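Enquirer: got a predicted structure here, sequence first:
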Amino acid sequence: MISIHTSENKKVYFASDQHFGAPTSDASFPREQKFVAWLNEVQKDAAAVFILGDLFDFWFEYKTVVPKGFVRVLGKLAELKDSGIPIYFFVGNHDLWMRDYFEKELNIPVYHSPQEFKINNKLFLIGHGDGLGPGDKGYKRMKKVFTFPLFKWLFRWLHPDLGMRLGQYMSVKNKLISGDEDAKFLGEDNEWLVQYCKRKLETKHYDFFVFGHRHLPLKIQLKENSTYINTGDWIQYFTYAAFENDELTLKEYRKSS
């Protein structure tokens, strides 16, 4: 378990579901500029930054090739990391084929499953959120196929121009493959991530659960001293979570790009 201790006036930030590249690179470019502007602001007081998956709408790493574009956001993340701000990256269902590019080039650790963090003596369970909890069986089956080593090996034999075009098409068009859900609150009993968190609390206490994936900014009190936060997205809501003085709050970034 990683422990993070923040000094006075420092915050820990969480953001997810930027989906850069969707529906096209040109269309997502203003959102990338807005996200970089947000990173510029949080750089002033960040003790750590968590990127909770689906930073890209599609990402695949060949041995010597990575997707073209996203230079501004990658450069800014590198700048933050080089300045001494820890950054933690969790893969989502759209960038689940990430390997070691972030770790080698940006010195940013990459996680493929939820992880425990202790921040100022508060216990967090943090992840992207896809495939957790009951239901969503179609996506869970597809994820097993996509993460199977043989499938990844076969896909890598496609020329990058063809592979990237095919991956981007599937990411946008096929909702079963992408794992996307309608961004409407379904009620606590039908929200799979809420049910997942409640089941985790049956065996261990967590002060905060922080996930993305649902594209909905949500803050739900699970127990008197346990809270679930969903960070929303950077397509419609431009929301993020900030932890300060032992409180975790949802915020909207309003500055225009």
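Expert: Yep, that arrived. Numbers count the residues shown, from 1 in each chain.
Enquirer: count the residues that sit near Met212.
Expert: Check again: residue 212 is Gly, not Met. As a burial measure, Gly212 scores 31 neighbours (other Cβ atoms under 10 Å). (Glycine included, C-beta is placed from N, CA and C.)
Enquirer: whoops, I mixed them up, Asn120
Expert: Residues near Asn120, counting by other Cβ under 10 Å: 16.
Enquirer: kindly report the same for Phe124.
Expert: For Phe124, using other Cβ under 10 Å, the count is 24.
Enquirer: numbering from 36 from now on, please.
Expert: Right, with 36 as the first residue, what we last looked at is Phe159.
Enquirer: identify the bridge partners of it.
Expert: In this entry, Phe159 is beta-bridged to Phe152, Phe243, by DSSP bridges.
Enquirer: just the element for Ala62, please.
Expert: helix 60-77 (DSSP states H and E).
Enquirer: what comes up buried for that helix?
Expert: 60, 63-64, 66-67, 69-71, 73-74, 77 (16 or more other Cβ atoms under 10 Å).
Enquirer: so among these, where is pLDDT lowest?
Expert: The member of the buried residues of helix 60-77 with the lowest pLDDT is Ser60, and it reads 85.
Enquirer: sec struct for the closest residue to that residue other than its chain neighbours, please.
Expert: Closest residue to Ser60 apart from its sequence neighbours, by Cβ to Cβ, 6 or more residues apart in numbering: Gly104 at 5.6 Å. Per DSSP: H, G, I helix; E, B strand; the rest coil, the secondary structure class of Gly104 is coil.
Enquirer: quick check: phi and psi at Gly104.
Expert: Backbone torsions of Gly104, given as degrees, to the nearest 10, read phi 100, psi -170.
Enquirer: OK, contacts around it?
Expert: Counting by Cβ atoms under 8 Å, 6 or more residues apart in numbering, Gly104 touches 55-56, 60.
Enquirer: and the strands in this structure, which stretches?
Expert: Taking DSSP state E, the strands of the chain run over residues 37-39, 46-50, 81-86, 122-125, 145-146, 150-154, 157-161, 243-246, 252-258, 261-266, 274-279, 282-287.
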